[in-house]
Structure formats: structure tokens, C-alpha cells
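K.L.:
Sequence plus the predicted model coming up.
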Amino acid sequence: MSKIIVHQEAAKNKSSEELIKVCPFNAIEFDGKQISINAGCRMCKICIKRYPDVFEFIKEEAVKIDKSQWRGIAVYIDHIEDSIHPVSFELIGKAREMAAKIGHPVYCLLMGDKVGTMAEELLHYGADAVYVYDKPELHHFRIEPYTAVFEDFINRIKPSIVLVGGTTVGRSLAPRVAARFRTGLTADCTLLDVQENTDLDQIRPAYGGNIMAHIHTPNHRPQFATVRYKIFNAPERRSEKSGKLKYFDIGDEKLASRIRVLEVRKKEKVKSIEDSDVIIVAGRAFKKEEDLSMVYELADLLGGMVATTRPLIEAGWADPRLQIGLSGRTVKPKLIITCGVSGAIQFVAGMNSAETIIAINADPHAQIFSVAHYAVIGDIYEILPEMIARIKAEKINNRNIYA
Amino acid sequence: MNITVCIKQVPGTSEVEIDEKTGVLKREGVDSKMNPYDLYAIETALRIKAGQEATVRVISMGPPQAESVIREAYMMGADDGYLLTDRKFAGADVLATAYALSQGIRSLGNSDLIICGKMTTDGDTAQVGPEIAEYLNIPHVSNVLRIHELNANAITVEMNMAESVEIQEVLLPCLITVEKDIYTPRLPSFRLKLKTADRPVKRIGFADLEDKNEAHYGLKGSPTQVLRIFPPPVNTTSERWEGEGKELGERLAQKLQELKFI
């Protein structure tokens, strides 16, 4: 078993306090005599980097599994009733890209009740095979039958890699299945790649996105990863079908459940600005409440939401739940466009970790420009209408291409 | 009814930075706190206890210092606390952590209901709850928004799905992970702090567990390995655009298309 050992002689030459402090997880202990490593250890090996004379990593090779027994990249097809969740297509795209590198096939796993139409549709996305379990017991997502089906699929097909969308279902189902196979699962990967030996390179954020971790599953198969929606690109739908479609059966006893779904209620869509990938912010440069229609239109075109600064809330122009800043909400969207916002510190603190910040303001010295990736100096009453018109034209253009 | 709540000690802030040259976490002090999502799990258990005969146990895995989160649970009203701590648990990933916790929970005897927070703020995986349920061979429901009913045989909960809410009735024993806002967590009470000052936090070590196969714990029981950690890519673009309003509007539309927002 690999482990970190402590050279006590070398440790004696150092202050035990210093040694304890090096560990970010409080995993180094001193009992008055000896330095030791406790259950807090995450094997980050920081202690070894800092004090190589005291701490040493001893690698003992585990029994190597035969990776050639595991072939293919499988994608779990998430669906809400009869529509395939778009993250599933994105994962097929990623699977195809990786499969091409290692010469493996791509599989889809679809389970549910009366899912034939979806299964046919999947054949347009370039998978080599679509495996289907179609049973009335799978009508609702219930954890035990879904896990049993997943297990049955893995035992039959033995895929090397399994990709699952980071949806509510995926985040509940994937860990359950991974645990059943005593294998690794990396959640919410933002980058995936595959090595020649079929090891999956998984990169994911931790600590609320403040750290990225590169993770491997070197000696277990299958390798599980979940990926959220909109991380990868979906492949284009082909007009021709390809790949084979195969139905699998599973014994009724495996579909037993201790869960009964009593009711499914559609949710009212009350999305909060924290959940929006795109946010358009209206600031004090708007002269009248009616003029906010420009930001609402822009938000609609970009599939985003409108938020505002505090003065507009105080003027009663917007719902207080739409306020960004220290006295409002903190947001971290992929894109934020501030329109006529000066950028007081109280506001900036609530949005400065957005991935892309576009700020439009007529004042070339506006504070908001210090955090903007794109500082656009100009009048919102001139810029926004033109921008909206151009985006509309572009959308119509796109529609013609796809039609 | 026995309710077991899983809690974790996490770094006091997730605002951590990495030294780019050494790849080491920059960290000032050694402050830590209870994972904020676990407060909702504890509160859920305490609300249940307020309505019926129940014992609320909390369990955590971590270094001996993690005892402080169990003390905090006592100050909220938990009855018993257990800390899984042993050198053999060192280097555990999600799977090995979930497995050790499941073994720890088994060692406490019967648990009718196990409650976990939705996720932790350091790992952010939301996997430990479902994996514990797997190893205890009981059903689980993630993302519980509300509890409708709990009797000796079953619990009825609302599960939060993307576009719907599902009402599920689950036979006990089972595990649920709760959303934040299921209830507002109470603050630790000074009265309970005094009252529980002498209450022990029971330690559970490797020797106390039923499965004594070392290959299932710690680093050896961890299929995943962290190869390296590094800072997230930062958008360092800093452009200033000046010109006619119309022209700027057009450029913005182009830029949004280039960034794939259209």
C-alpha cells in the first residue's frame, strides 16, 4: 500500500510546530514524541515537497488490472420524459473525440419506459451502438432499479469509461453505480482527455472553483466522470442513421424498489440570477423605467436574465431579488454585460468573479472598467439598439442555415 | 427512531490560492468550520426530533481536530457524536471516505434515517451520501426540498429535479441528502454549550469496524488519485473600446458570437 512515512530522526531536527503547519488539512500530528499522519491526509504530498528529508512517499504497486478487458466509452442518456437532455449529446460528442484517439467504440445507454423514439433519434449522433432497457418499472427515476440496470449494462459491455451528465439524476445515480463497482468517479469535470493506455485525464474545480484538480483512476475500471450541461459541444445531428440498436432485458426481481413515486409536480420557473449563465445589468444611466425594455430584450436574445444595481431597486423599477452587490446577490455567470453601471465597490464585489465581463459606460473613468474584460466607452442608448438589431439578424441568419 | 447525520469539517474559507511555482496551497492559519450544508442536515434531524421520539447522532471522519464540529452539533442539540479517526483512513478519496463512513454507521447499530448535506464546500462532489447508501444497501433520495411525513415505516419527501418536484415515499431505513433552505439552521446555543461541555465525542477506529480489510480504506481503498492541483485559468483580457455607438454595438454583437453566446 502506498503511503507517506515520517523519518523521525530527521523530524527531530525540525520544530514540530513547523512540520504540523505545513499540512493544509491538519493531518500531521505530534504526540510529544513522534510525528505521525492521521485520517485527515489527502495525499496532496505538500509535506514531501516542503520537507523531503522528513516525509517520504513509499509507492507499493497494487496488483495491476488488465485494462484491455475494458473497451469503449459509454454515455448515460439522461432524459426528461420523452426528450433527451442536451448534456447527453454533448457527452456523445466528447466520447467520440476521445474514442477516436484510442480506437474504441462509443456506446449510449438509454433506460426508461417507452423510449423507442429516443433510441432511434440517438442513432443520428454517431455512436457505434445504442443499448436500451425499456421497462414500465423504469418510468420514474428510482435509485435501485436504475442502479441495477446500469450494473447489468456494465457487466455485459465492460466499458472502459462511463460519462454521465451532471444533472439531478446523474449526480444521484453515478456515485451509486461507481460505488457498486468500487471504482472512481470524478464529479463535474470541466476537461476530459484520454491517454493511450485508456486512462482518463479528468480536470475538475474544487473549493468553489478556486482550485483545479487533475485526477486519474489508474487501476480501476470503468472510470466514471460526471460533466455538467454546457461544458462540451454537442455534435451535429446527421441526417443518416448509423450504429446498431440493441434492446436488453433484465429480470423483474432486479427492478424492485423501496421507493414509490406519489406525484410529479411541474415546477414554476422561478430562476434566480445566481443560476443564470448570462446576466445583463441595468444601471443608473437608464433615464426611464420603460427604457429597461432594451435590457430585457437583450437578455431574452442571449438566454439570460436581467439584474440591476441598488438605485434602480430603490426607485422601484425592479424586484429586489434582482439586485447584485453586497446588499443583494453574488453572481458568477459565464457572461455579464453591465449597461450604464458606474461600478461602486459594493456592486463590483457581487459580480467580479464572472468569467467574462463586458461593461458599457459613457464615462471613460467609470470604476466598472477596472474589472471589465471589455471596457466599452459609449452611450447605452446608441449601443444597445444596434447590438440588439445585429444579434437578431444573426439569429435569423443561423436559422436559415439549419433549416 | 435513530437518526444519523453525517457532517464534515472543511476549511474556513474556500478562497484558497495556489502558489503557481510550487503547486502548494497558500493558506493562512489553520481555521476550519463545519461544512455549511451540514447545518441544514442537522437542523432537519432536530426538527424531526421536535415532533417525535428520536435520537440524533452525528458522525464525521477526519483528524482529531474535527471533534470541534461534533461539539458544534452538540450545541445545536445533537445527542451523540462519533468521530472516525485512524491513520489507516489517511489519503481517502470519495469512495474510501464513503465506505469508512458506512462502516462507522453500521458500528453504531440501527439507523432508521441517515441525513447528509447536499455537498461539501471543499470537495464539491455531492457523492458521499449516495455512496454511503450503496454500501449500507438502502435506498437514497438526493436533493430533498421538504419532508411531508415520517412514520415508523416510511418517509415521504419532495425531491428537487430540474423541471419538476417529485414526491417520493421511501421505506425506512433510507438516506436523504437535503437542499439548503429545507429549514433555517438554528445557531449554536450557549446553554447547550455549557450543558454538553463534558459530553464525550466517541472515537471510532479501524479496529471498531466490521470490515477489517485494509484495502478498503484510506489511500489503498481510493481508486482516484489527484495528480496535481493548479489555479483556475483566469480571463486576463483587458480591452478598451472607443468609437461611434453604432459601430460599438456591431462589434459587441460580433464578440458575443465569437464567444459562443449567440
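P.N.:
That came in fine, so what should we check first? Treat the numbers as computed from the prediction; the structure is a model and nothing was measured.
K.L.:
Export stretch A:238-251 to CSV, keeping only CA atoms.
P.N.:
Extracted C-alpha coordinates of stretch A:238-251, given in CSV (Å, rounded to 0.1, in the frame of the first residue of the first chain):
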residue,chain,number,x,y,z
ARG,A,238,-26.6,13.6,-39.1
SER,A,239,-29.4,13.0,-41.4
GLU,A,240,-28.3,9.4,-41.8
LYS,A,241,-28.6,6.9,-39.0
SER,A,242,-25.6,4.9,-38.0
GLY,A,243,-24.7,2.3,-35.4
LYS,A,244,-26.7,-0.6,-34.1
LEU,A,245,-29.7,-0.5,-31.8
LYS,A,246,-29.9,-3.3,-29.2
TYR,A,247,-32.6,-4.0,-26.6
PHE,A,248,-31.5,-5.7,-23.4
ASP,A,249,-33.9,-7.4,-20.9
ILE,A,250,-33.4,-7.6,-17.2
GLY,A,251,-35.1,-9.8,-14.6
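K.L.:
A:Ser370: what's it in contact with?
P.N.:
For A:Ser370, the contact set (C-beta atoms under 8 Å, 6 or more residues apart in numbering or on different chains) comprises A:Gly343. Where C-beta positions appear, they are placed from N, C-alpha and C, glycine not excepted.
K.L.:
Give me the phi and psi angles of it.
P.N.:
phi -70, psi -20 (degrees, to the nearest 10).
K.L.:
Ok, A:Asn361 next?
P.N.:
phi -160, psi 140.
K.L.:
From what I see, A:Arg310 and A:Ser342 are in contact.
P.N.:
No. A:Arg310 is not in contact with A:Ser342 according to C-beta atoms under 8 Å; the separation is 11.4 Å.
K.L.:
for stretch A:280-292, how far is the first residue from the last?
P.N.:
Stretch A:280-292 has its terminal residues 11 Å apart, counting by C-alpha to C-alpha, to the nearest Å.
K.L.:
Tell me if it is near chain B.
P.N.:
No. No part of stretch A:280-292 sits near chain B under the criterion C-beta under 8 Å from any C-beta of the partner chain; the closest distance found is 11.1 Å.
K.L.:
what mean pLDDT would you report for that stretch?
P.N.:
Mean pLDDT, computed over stretch A:280-292, is 95.
K.L.:
Tell me where chain A has helices.
P.N.:
Shown for chain A, the helices assigned by DSSP state H span residues A:8-12, A:16-21, A:46-50, A:86-102, A:116-122, A:143-157, A:168-180, A:293-301, A:310-314, A:345-348, A:380-402.
K.L.:
again, but for the stretch 51-200 of chain B
P.N.:
Counting by DSSP state H, counting those that start in this stretch, residue ranges of the helices within the stretch 51-200 of chain B are B:67-76, B:94-107, B:128-136, B:190-195.
K.L.:
Most tightly packed of those helices?
P.N.:
Compared across these, helix B:128-136 shows the largest average neighbour count, a mean of 26 (mean count of other C-beta atoms under 10 Å in any protein chain shown).
K.L.:
and that one, how far out from the chain's middle?
P.N.:
Centroid separation for helix B:128-136 versus its chain: 13 Å, with C-alpha atoms, centre = their mean, to the nearest Å.
K.L.:
pLDDT value on A:Gly340, please?
P.N.:
A:Gly340 carries a pLDDT value of 96.
K.L.:
And B:Glu20, by the same measure?
P.N.:
Model confidence at B:Glu20 (pLDDT) stands at 63.
K.L.:
can you list the residues of the stretch 1-150 of chain A near chain B?
P.N.:
Contact residues, the stretch 1-150 of chain A versus chain B (C-beta under 8 Å from any C-beta): A:1-4, A:21, A:24-27, A:29, A:36-44, A:46, A:49-50, A:62, A:80, A:140-144, A:147.
K.L.:
hmm, which of those are the buried ones?
P.N.:
A:2-4, A:24-27, A:29, A:36-44, A:46, A:50, A:140-144, A:147 (16 or more other C-beta atoms under 10 Å in any protein chain shown).
K.L.:
hmm, back to that, go through the helices of chain A and pick out the most buried.
P.N.:
Comparing the helices of chain A on average neighbours per residue, with mean count of other C-beta under 10 Å, the densest one is helix A:168-180 at a mean of 25.
K.L.:
Check whether that helix comes near chain B.
P.N.:
Yes. Helix A:168-180 is in contact with chain B by C-beta under 8 Å from any C-beta, via A:168-169, A:171-176, A:178-180.
K.L.:
Run through who's touching that helix.
P.N.:
A:76, A:78, A:87, A:141, A:143, A:146-147, A:150-151, A:154, A:162, A:164, A:184-185, A:187, A:224, A:226, B:94-95, B:98-99, B:125-131, B:133-135, B:140-143, B:159-162.
K.L.:
by how many degrees do that helix and helix B:128-136 diverge?
P.N.:
Helix A:168-180 runs at 40 degrees relative to helix B:128-136, counting by axes from the mean of the first three to the mean of the last three C-alpha atoms, to 10 degrees.
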